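[1] need a 3D model of the following:
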Amino acid sequence: MPTVKGDGMRGLAVFISDIRNCKSKEAEIKRINKELANIRSKFKGDKTLDGYQKKKYVCKLLFIFLLGHDIDFGHMEAVNLLSSNKYTEKQIGYLFISVLVGASSDLMKLVIQSIKNDLVSRNPIHINLALHCMANVGSREMADSVGGDIPKLLTSGETIDSVKQIAGLTLLRLQRSSPEMIPLGEWTSRIIHLLNDQHMGVVTSATSLIEALVRKNPDEYKSCVSLAVSRLSRIVTASYTDLQDYTYYFVPAPWLSVKLLRLLQNYPPPEDPSVRTRLTECLETILNKAQEPPKSKKVQHSNAKNAVLFEAINLIIHMDSDPNLLVRACNQLGQFLQHKETNLRYLALESMCLLATSEFSHEAVKKHQDTVITALKTERDVSVRQRAVDLLYAMCDRSNAEEIVGEMLEYLESADYSIREEMVLKVAILAEKYAVDYTWYVDVILNLIRIAGDYVSEEVWYRVIQIVINRDDVQGYAAKTVFEALQAPACHENMVKVGGYILGEFGNLIAGDPRSSPLVQFQLLHSKYHLCSPNTRGLLLSTYIKFINLFPEIKASIQEILGSDNNLRNPDVELQQRCIEYLQLSTVASPDVLVGLHNITLLLFRSLAKLKKKKPTATAEGGEEKEKEPRTIPQAQVNNAEPSAPVPLQVSVGLPIGRSTARNRRLSVNLKMICSLMPPLPSFFFFFFLMKFEAYLFFYLTIIFLISRFFCKQNGVLFENDLLQIGIKAEYRQNLARVGVFFGNKTTFQFTNFTSNLVLPDSIKSGMYKNRGCILCKCFKIWCQSGQMQKLNLKLPVIISKFLEPAEMNSEAFFTRWKALSQPDQECQKIFKAQFPQDTEQVKQKVLGFGLSILQGIDPNPDNFVSSAILHTRNQQVGCLVRLEPNKQMQMYRLTIRSTKPEISKALGDLLETQF
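    Sure thing, here's the model as predicted:
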């Protein structure tokens, strides 16, 4: 046992030695229990214990507690030690309080009183002990009672430097735990000026405190910027001999330098030119010193030097205003990319990710692309490889996107599982953001699914389907590529989903090749059917019913699959229902219904992005996307409504009946429902119906209640309020029209009992519809507001101009036909005042949106517009020639329309007059 000299506690040393010599846990517990009994008897029975004995026993209790045993006595004796004037006794008392006495203890008031007494004493050692205890406990009660005295100690001229250091750190601790308990408004300027203190320890403590205060109230401490720059300049330009007491391995005050650089990152670049110049010089000096040969080979020297360097680079990135500094920082970091220290490589990659976002240093970062790719492939540490992926993502632009995406795809095959999901998402984003050729984008996404299909989220493969649907030039390539991908023996389920969507929509584009004939496509998809989840099987069943429309020759084969016992008696109710309904639909439905069904997905993907103002969610076909639990409208929102009967929302679509005149001709309109209301969704309801326009030889057109903003466009929002958004999506092809009505729920609640009805007048049902050159659908939307039912009438226009197809012709053909239509009743001419500014480009867009072509070089006046179009009816085609002559000086138009049918010329003239 070692000898104890001076103020050493021999009994404590003997006890610790006995504990160490115990051969078993039982022996240790026995010895501790014996000692606890002895200490308890001393505290209770011996009233004459002096300070030394109390200190010794309290130390033993503290040691026993540190061994993991509970201590339930001795706290009062520790508090009594706080009143001692001896340093060792007061030290042990404060140590015991800091470790074993909680902030809610009843003894805390006695402890706070002792702390107050020590703070006003003239002994700096006692003050430091009290400050240490406050910093360790840091309770709200302590901050409220004593916290106001600490700023006085910190800023007082009579306080010695060692006390100021500890006071600053104690104040920082209390600010973090109870910031509202310590007001510092009157001490702000004094605390800031501590940055000019002569003692470097005080400056270091004050910098830590000011940095924490700045994050909460930067404007109040804005004046610290100039002082921080001044102090940083003095440190950076000083040699290690000038600050000998605060030099760490030849680096002057590295910790203070780092703190000052972090403090400056809370503010924008200094507005004062002199301060800004001085800060720039400091940063340049730090970068220059990084290039100097090391003054020591020890790792402590390089660590301190690099800590200052990296913090300076972070400040340069934060300022983002000096291109020279940014490029120099990038070059300096590039040297660390191949450093032998893993930590330096990690930090270099992390900092370069930030530099890559700056317009001044992005090109400089790209120069290190090959090095970063090498690091991605060769680094042993997965965290460094992850930073390399982040840097490649940050430095990617249109010039290097294909190369970077290719390298990331190549590495993805052997990448760690922990970073695969993040890599997949980054590759998908880069491929879509910088895709010039969308065939390349399709290849990238399909490769992602092939390589890491488990990590490809639904958003990724939903997006590729949406892009393929909206780009006609890539649909055939996508169908061919996904068909080839599905031929692999091991095919991921996400690939089957993408294949089901794309082949179901565009399989006809590759059906001409015998290797991808309709039957081969169907057999290929069905070979994956039994290996997929129920959701994917449902998607494939929807693809099969589309195939019946695309390829009638394989209808029997598909019906055989749909009618098999395995499907009709499937234990999954969703799959069973699909099979039964699809089988019945394929048997009894007309071709028009199947055409509409085929286009449901196509129309949905093309429309959702434009119509969803608040991004409501629509479930994709097959049910892949899971919706949150639907909620009904709370009772508070439905005044006077019965709680047990939610107020229904009803929507009906109908056609009004017009007046009849002797000049009316027959106009047959055939309306067929493609799909009734889809299953209710929490945020978005939609249904589709097909309008087939069939016109006979003669008819008379009148226009009543048209919505003029839809004359020159087919899609848009028809009605919108706080509850509901109604949008129109229409497609026209020759004499056929397909109109989609979208109902968007803008609330966070699900509409209950939502229904829609197509209401047709008797004249429409019988095929006779008079007095209409347009179809006006009337939409009734009923909802509960203030306890009363409200009704709003909206009109959905399907006008005659929607069936115009632009026609191209040369000058000779145009004038030949123009002269042929010279009869007075074949021409409709209107001269009218301009309602809108006569902007040439806007007029051109309206003419094109109306369904007319723009014929160049026909009219000698370049300001005039000459157009032609063909109106398609069921029995014939009617040619139309249009000439629009603007007079910009008089703000007038002259519109001339000629066609073989006088009614058409007049109707088109009435429509066009309202648009200019």
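
[2] C-alpha from now on. contacts and neighbour counts both.
    Will do.

[3] give the helix, strand or coil label for Arg894.
    Three-state call for Arg894 (DSSP: H, G, I helix; E, B strand; the rest coil): strand.

[4] could you report the neighbour count for the residue nearest to it when sequence neighbours are not counted?
    Using C-alpha to C-alpha, 6 or more residues apart in numbering and skipping residues adjacent in sequence, the residue nearest Arg894 is Ile831, 4.5 Å away. For Ile831, the count of nearby residues is 14 (other C-alpha atoms under 10 Å).

[5] for Ile831, what are its contacts?
    Contacts for Ile831 (C-alpha atoms under 8 Å, 6 or more residues apart in numbering) come out as Met892, Tyr893, Arg894, Leu895.

[6] how about CSV for the residues you listed, with neighbour count, distance to Arg450 and pLDDT added?
    What follows is the contacts of Ile831, written out as CSV (neighbours: other C-alpha atoms under 10 Å; distance: C-alpha to C-alpha, whole Å; pLDDT from 0 to 100):
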residue, neighbour count, distance to Arg450, pLDDT
Met892, 17, 62, 87
Tyr893, 21, 60, 88
Arg894, 17, 61, 89
Leu895, 19, 59, 90
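
[7] got phi/psi on Ala253?
    Main-chain torsions, Ala253, degrees, to the nearest 10: phi 40, psi 60.

[8] now do Asn117
    Main-chain dihedrals, Asn117, degrees, to the nearest 10: phi -60, psi -40.

[9] tell me which helix or strand the residue nearest to Arg894 sits in.
    Assessed by DSSP states H and E, Ile831 sits inside strand 827-833.

[10] helix or strand for Ile317, which one?
    Assigned by DSSP H and E, Ile317 belongs to helix 299-319.

[11] next secondary structure after that helix?
    Scanning forward in sequence from helix 299-319 by DSSP H and E, the next helix or strand is helix 323-336.

[12] mind listing what's buried along the following helix or strand past that next one?
    From helix 323-336 onward toward the C-terminus, using DSSP H and E, the following helix or strand is helix 342-355. Buried residues in helix 342-355, counted by 16 or more other C-alpha atoms under 10 Å: 342, 344-355.

[13] let me see the mean pLDDT of the next helix or strand after the strand holding Ile831.
    Once strand 827-833 ends, the next helix or strand along the chain (criterion: DSSP H and E) is helix 840-849. Taken as a whole, helix 840-849 has an average pLDDT of 84.

[14] ok, Ala364 to Pro151 distance?
    Ala364 sits 48 Å away from Pro151, going by C-alpha to C-alpha, to the nearest Å.

[15] neighbouring contacts of stretch 360-370?
    With C-alpha under 8 Å, 6+ apart as the criterion, stretch 360-370 contacts Pro323, Leu326, Val327, Cys330, Asn331, Gly334, Met352, Leu355, Ala356, Leu392, Met395.

[16] let's see it at 6 Å
    For stretch 360-370, the external contacting residues (C-alpha atoms under 6 Å, 6 or more residues apart in numbering) are Pro323, Leu326, Val327, Ala356, Met395.

[17] re the thing from before, starting at the chain centroid, how far to the strand holding Ile831?
    53 Å (C-alpha atoms, centre = their mean, to the nearest Å).

[18] domains for this protein, by residue range?
    Residue ranges for the domains of the chain, per automatic domain parsing: 438-588, 653-796, 801-913.

[19] so which of the ones you listed gets nearest Gly147?
    Smallest distance to Gly147 across these (C-alpha to C-alpha): 48.1 Å, for domain 653-796.

[20] so where is the chain shaky, pLDDT-wise?
    Residue ranges of the chain with pLDDT under 70: 1-8, 240-242, 589-712, 733-735, 751-797.

[21] run the last query once more with 50
    Scanning the chain for pLDDT under 50 picks out 1-6, 601, 607-707, 763-790.

[22] off-centre distance for the host helix or strand of Ala907?
    Using DSSP H and E, Ala907 sits within helix 902-913. The chain centroid and the centroid of helix 902-913 are separated by 49 Å under C-alpha atoms, centre = their mean.

[23] buried ones in that helix?
    By 16+ other C-alpha under 10 Å, the buried positions in helix 902-913 come out as Pro902, Glu903, Ile904, Ser905, Lys906, Ala907, Leu908, Gly909, Leu911, Leu912, Glu913.

[24] quick check: the residue nearest to the first one when sequence neighbours are not counted vs Asn117, distance?
    With C-alpha to C-alpha, 6+ apart as the criterion, Pro902 has its nearest non-adjacent residue at 4.8 Å, and that residue is Gln826. Spatial separation of Gln826 from Asn117 under the definition C-alpha to C-alpha is 110 Å.
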